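K.L.:
no sequence for this one, just the structure:
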């Protein structure tokens, strides 16, 4: 029975690590969670990806390696969870309001003893697998009813120690309004550059990158410098935040007078005061939302 408990830990650890890695890879929130949140913002995403990559590599090793290579991976997994316990304790003291980041943006609840206990139990589980002659895949293929019973009991324990389940339930029942939804700029730019309006106005645009960006409700607005009929213009695109049927919209505005020269798509009736531009008495009139 002891060997059954030890073997099932290989599968539990691998699944937990893969879930953690997947959550970090797919999390696009701008708020750093866990220890990465203590670093400058520009390091949040790289550190999360590095952490997720390490977890994924360890998970694969737990599943396919045995013998001495397998023991090295299992020891490294145990060490990672021991370090996680120490880090979580320090994080709780330093910033009691910060989440652990164990599962990306799902781990937004402040670090508590449940999270620390979970990391400790996973460290013990990793230690118990050292010396097993089988790999995780072999243990899975040779599993029996005893393995299923142990696995079920462990799922219950880990579920009780996982505040992320509450966050998952909340997200399933409460959809974030598009006005508050965090959408990466990269996704907005990809949608813009794939649109017909982008292609039809590329010849007008003279700046390689946007000169201004802002959010208004469910839209992100992107302004490029351009030139049309010998005059400097601003090409302003409106890109919807949601993935609904609303398409990209655009206006071309005279850079000097602020006059709308041409519009593409339905006018939304929103406005944003233009930033004051210096020097030559340039226009300060508001842009009409696209």
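P.N.:
Received, thanks. What you see is a predicted model, and the numbers here were worked out from it, not measured in a lab.

K.L.:
use CA for all of it now, contacts and neighbours both
P.N.:
OK.

K.L.:
please identify the buried residues of stretch 45-55?
P.N.:
45, 47, 48, 49, 51, 52, 53, 54, 55 (16 or more other Cα atoms under 10 Å).

K.L.:
which residues are in contact with it?
P.N.:
The contact list for stretch 45-55 (Cα atoms under 8 Å, 6 or more residues apart in numbering) reads 17, 18, 20, 21, 22, 24, 25, 32, 36, 104.

K.L.:
mind redoing it with 10 Å?
P.N.:
Residues outside stretch 45-55 that contact it (Cα atoms under 10 Å, 6 or more residues apart in numbering) are 13-14, 16-37, 39, 56, 58-59, 61, 77, 80, 101-104.

K.L.:
give me the buried subset of those.
P.N.:
Those of those that meet the buried threshold are 13-14, 16-25, 27, 31-37, 56, 58-59, 61, 77, 80, 101-104, by 16+ other Cα under 10 Å.

K.L.:
list the ones among those that fall in helices.
P.N.:
Within the buried ones among the contacts of stretch 45-55, residues falling in helices by DSSP state H are 13-14, 16-25, 56, 58-59, 61, 77, 80.

K.L.:
all helices of the stretch 101-250 of the chain, in order?
P.N.:
113-129, 136-141, 145-160, 164-173, 185-193, 196-201 (DSSP state H, counting those that start in this stretch).

K.L.:
need the contact partners of stretch 145-157.
P.N.:
Stretch 145-157 is contacted by residues 1, 3-9, 11-12, 118, 121, 139-140, 159-162 when judged by Cα under 10 Å, 6+ apart.

K.L.:
just the buried ones from those?
P.N.:
Buried subset of the contacts of stretch 145-157 (neighbour count, 16+ other Cα under 10 Å): 4-9, 11-12, 118, 121, 139-140, 161-162.

K.L.:
looking at the residues you listed, which is nearest residue 179?
P.N.:
residue 162 (29.2 Å; Cα to Cα).

K.L.:
these two touch, right, that closest one and residue 100?
P.N.:
No. If you go by Cα atoms under 10 Å, residue 162 and residue 100 don't touch, sitting 11.2 Å apart.

K.L.:
quick one: common contacting residues for the two?
P.N.:
Joint contacts of residue 162 and residue 100 (Cα under 10 Å, 6+ apart) are 107, 115.
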